[in-house]
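Trainee: got a structure for you, letters missing:
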C-alpha cells in the first residue's frame with residue numbers, strides 16, 4: 001500500500017505538470033503573453049502537489065506504528081501488562097505483531113490472538129485512510145494550481161519560492177539534527193558523570209566498564225578511565241595517516257601533473273575502487289593476510305608481537321583512506337588556475353619546482369579538506385579495528401600491541417543488556433561526547449589552515 005501511495009503521488013504530480021503546462025501553452029497560443037514559461041507553470045503545479053503530500057505521507061508512515069501500538073496496548077486486558085517491565089512489554093507487542101503476520105509459536109493466549117486481529121484491522125484502516133488523505137490533498141492542490149494559471153501569474157517566482165523553502169527546511173532539519181545529537185550526548189553524559197567522577201574519566205588509566213547490571217550478575221567494580229581508549233584511537237589513526245597521506249598525495253600529484261592521459265584514464269578509476277570496498281572486507285584482509293604476514297616478519301627478526309595489533313589495523317585502514325586523500329588532492333590541484341603553472345614554467349622553474357612551490361601551496365585548502373575527511377573516517381572506523389586490533393584497552397603507544405578505539409568501545413557497551421540507568425551503558429555517551437569534542441578541535445584547526453592559505457591565494 002505504501003508503494004502504491006508513492007506511485008499515486010508521483011502520477012498526480014506528473015499529471016499536474018502536464019495539465020498546467022498545456023494550459024499555459026493554450027494561453028500563449030491565444031495571443032496572450034505569459035509572464036513565465038509554460039514549464040514553470042507545470043513545475044509550480046507539480047511542486048505544489050508533491051511537497052505537502054509527501055510531507056504528510058512521511059509523517060503518517062513515521063507515526064502510524066506508534067499510534068497503532070498505543071491503541072493495541074490500551075485495548076489489552078487490565079491484568080495482561082501488570083508488573084511487566086518495558087522490555088517485557090516490547091516482547092509482548094512483538095509476539096502480537098508476529099501473530100498478525102501468521103507466525104505462531106506454541107499456543108498463544110486468546111487475548112493475544114484478539115489483539116493480533118485488531119492489529120490487522122487497524123493497519124488496514126490506517127492504509128486506506130492514508131490513501132484517502134493523500135488523494136484529498138493532491139486533488140485540492142491540483143485544483144488550486146490549475147486555477148492559478150494566467151498570463152500575469154509569476155510561476156517562475158512561485159517555483160523558486162517553493163524550492164527556496166525546501167532548501168531552508170533541509171537546512172533547519174540539518175541544524176536541528178546536529179543540535180539533537182549534541183544535546184543527547186550532553187544530557188546522557190551528565191547522567192554518567194553524576195555516577196562517575198569527571199576526574200576519574202578524564203585522567204584514569206584503566207578502562208574496565210564491566211560492572212554488575214542485575215542483582216544476579218557477577219562482575220568487577222568497573223573502571224572508566226578513557227585515556228587507554230583515546231590513546232588507542234590516536235595510535236591507529238596516526239599509523240593510518242602516516243601511510244595514507246604520503247601515498248595519497250604522491251599518487252595525486254603524479255596522476256595530475258606527470259602521468260599521460262592513458263595512464264590517468266586507467267589508474268584513477270582503479271584507485272577510486274578502493275573507496276567502494278566494504279570495511280568488513282578490509283577487516284578480513286587484515287585478519288587473514290596482513291596480520292599473519294606481520295607476525296611472521298616479526299618472528300623472523302625475533303620481535304614479540306600480539307596476534308591483534310594496531311599496526312595491522314592502521315595499515316589496512318590506510319589502504320582504505322588512500323582514495324579519499326588522492327581524489328581530494330587531485331581535484332584541488334586541477335582547480336589551480338593554469339596561469340600559475342604557465343607563469344612558473346615561464347620563469348624557468350622545473351615541473352617539480354612548480355608543483356612543490358606553486359601548485360601545492362595554492363591547493364592546500366582542498367588537500368587539507370581531503371586529509372581531514374580521511375582522518376575523520378579513521379577516527380570513526382569500527383569494523384577493521386574490531387577484527388584486526390581487538391577489544392582490549394591498553395595504555396600503550398607500541399604499534400605491535402593490541403589496542404582498541406573509542407568507536408569500538410561504544411559499540412561494545414551498547415550491545416546486549418542495554419539498561420540506560422547504569423555507568424556501563426552511559427559510558428558510551430561520555431565516549432561519544434569526548435570523540436565529538438576531539439573531532440571538533442580537529443575541524444577548527446583545519447579550518448584555520450585553510451583560511452590562512454586561502455587568504456594568501458585569493
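Mentor: Cool, the structure landed. Everything numeric in this text was worked out from a predicted model, so none of it was measured.

Trainee: For the stretch 1-150 of the chain, which segments count as helices?
Mentor: Here the stretch 1-150 of the chain has its helices, by DSSP state H, counting those that start in this stretch, at 2-29, 38-74, 86-100, 110-147.

Trainee: Also compute the angle for the first one relative to helix 38-74, please.
Mentor: Going by axes from the mean of the first three to the mean of the last three Cα atoms, to 10 degrees, helix 2-29 is angled at 160 degrees with respect to helix 38-74.

Trainee: Return the list of helices and strands in contact with helix 2-29.
Mentor: Here helix 2-29 touches helix 38-74, helix 110-147, going by 3 or more Cβ pairs under 8 Å, 6 or more residues apart in numbering; DSSP states H and E. Any C-beta I mention is one placed from the backbone N, CA and C, and that applies to glycine too.

Trainee: Present those as TSV; the columns should include mean pLDDT, distance to residue 445 and mean neighbour count.
Mentor: Formatted as TSV, the helices and strands packed on helix 2-29 follow (pLDDT from 0 to 100; distance: least, Cβ to Cβ, whole Å; neighbours: other Cβ atoms under 10 Å):
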stretch	mean pLDDT	distance to residue 445	mean neighbour count
helix 38-74	87	38	18
helix 110-147	86	49	16
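
Trainee: and residue 104, which of those is closest to it?
Mentor: Nearest to residue 104, of all those, is helix 110-147, at 9.0 Å by Cβ to Cβ.

Trainee: what about the closest residue to residue 153 other than its chain neighbours, distance to residue 28?
Mentor: Here the nearest residue to residue 153 in space, its sequence neighbours aside, is residue 35; by Cβ to Cβ, 6 or more residues apart in numbering that works out to 6.4 Å. Distance of residue 35 to residue 28, given as Cβ to Cβ, to the nearest Å: 11 Å.

Trainee: Repeat that for residue 95.
Mentor: In terms of Cβ to Cβ, residue 95 sits 63 Å off from residue 28.

Trainee: Centre of the chain to stretch 339-355, how far?
Mentor: 41 Å (Cα atoms, centre = their mean, to the nearest Å).

Trainee: next one: stretch 312-324
Mentor: With Cα atoms, centre = their mean, you get 19 Å for stretch 312-324.

Trainee: again with stretch 202-213
Mentor: Per Cα atoms, centre = their mean, the centroid offset for stretch 202-213 relative to its chain is 29 Å.

Trainee: average pLDDT for that stretch?
Mentor: Stretch 202-213 shows a mean pLDDT of 75.

Trainee: residues touching the residue nearest to residue 153, list them.
Mentor: Listed by Cβ atoms under 8 Å, 6 or more residues apart in numbering, the contact partners of residue 35 are 151, 152, 153, 154, 155, 156.

Trainee: change it to 7 Å
Mentor: Residues in contact with residue 35 (Cβ atoms under 7 Å, 6 or more residues apart in numbering) are 151, 152, 153, 154.

Trainee: Of those - the most surrounded one?
Mentor: residue 153 (20 neighbours; other Cβ atoms under 10 Å).

Trainee: That one in helix, strand or coil?
Mentor: On the three-state scheme (DSSP: H, G, I helix; E, B strand; the rest coil), residue 153 is labelled coil.

Trainee: what separates it from residue 385, distance-wise?
Mentor: In terms of Cβ to Cβ, residue 153 sits 59 Å off from residue 385.

Trainee: Okay, now the unreliable bits of the protein?
Mentor: The chain contains residues with pLDDT under 70 at 80-88, 105-106, 211-222, 416-420, 453-458.

Trainee: Any idea which of the helices and strands packed on helix 2-29 gets closest to residue 356?
Mentor: Comparing the helices and strands packed on helix 2-29 by Cβ to Cβ, helix 38-74 comes nearest, at 50.2 Å.

Trainee: Off-centre distance for the closest one?
Mentor: 24 Å.

Trainee: can you state the direction angle for that helix and helix 110-147?
Mentor: 160 degrees.

Trainee: sorry, back to before: so can I have CSV of the contacts of residue 35 showing distance to residue 368?
Mentor: Shown next, in CSV, are the contacts of residue 35 (distance: Cβ to Cβ, whole Å):
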residue, distance to residue 368
151, 53
152, 52
153, 48
154, 44
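
Trainee: How about residue 263, nearest residue that isn't a chain neighbour?
Mentor: Using Cβ to Cβ, 6+ apart, the nearest residue to residue 263 is residue 255, at 7.6 Å.

Trainee: pretty sure that neighbour is in contact with residue 265, am I right?
Mentor: No: the pair residue 255 / residue 265 is not scored as a contact, 10.0 Å apart, by Cβ atoms under 7 Å.

Trainee: In terms of neighbours, single out the busier of the two.
Mentor: residue 255 (20 against 11).

Trainee: Pull out the buried positions in the host helix or strand of residue 236.
Mentor: Using DSSP states H and E, residue 236 maps to helix 227-253. By 16 or more other Cβ atoms under 10 Å, the buried positions in helix 227-253 come out as 227-241, 243-245, 247-249, 251-253.

Trainee: Show me what counts as buried in stretch 352-371.
Mentor: 354-355, 358-360, 362-371.

Trainee: Tell me how far the residue nearest to residue 127 when sequence neighbours are not counted lies from residue 132.
Mentor: Spatially, and ignoring its direct neighbours in sequence, residue 127 is nearest to residue 1 (4.1 Å; Cβ to Cβ, 6+ apart). Computed as Cβ to Cβ, the residue 1 to residue 132 distance reads 12 Å.

Trainee: Kindly report the same for residue 332.
Mentor: Distance from residue 332 to residue 132, by Cβ to Cβ: 54 Å.

Trainee: do residue 178 as well
Mentor: Using Cβ to Cβ, residue 178 is found at 37 Å from residue 132.

Trainee: My guess is residue 399 contacts residue 238. True?
Mentor: No: Residue 399 lies out of contact with residue 238 (Cβ under 7 Å); the separation is 8.8 Å.

Trainee: still on that earlier bit, of residue 95 and residue 28, give the one with the bigger neighbour count.
Mentor: residue 95 (19 against 14).

Trainee: ok, that one - contacts?
Mentor: Residue 95 neighbours (Cβ under 7 Å, 6+ apart): 108, 112.

Trainee: Around residue 10, how many other residues sit close by?
Mentor: Number of residues near residue 10 (other Cβ under 10 Å) recorded here: 14.

Trainee: right, I mislabeled it, should have said residue 290
Mentor: Residue 290, neighbours per other Cβ under 10 Å, totals 19.

Trainee: just so I have it, where are all the helices in the stretch 201-350 of the chain?
Mentor: So, for the stretch 201-350 of the chain - with DSSP H, counting those that start in this stretch - the helices run 227-253, 261-273, 279-285, 291-300, 310-334, 338-346.

Trainee: Tell me which of these lies nearest to residue 165.
Mentor: That would be helix 310-334 among the helices of the stretch 201-350 of the chain, by Cβ to Cβ, at 31.7 Å.
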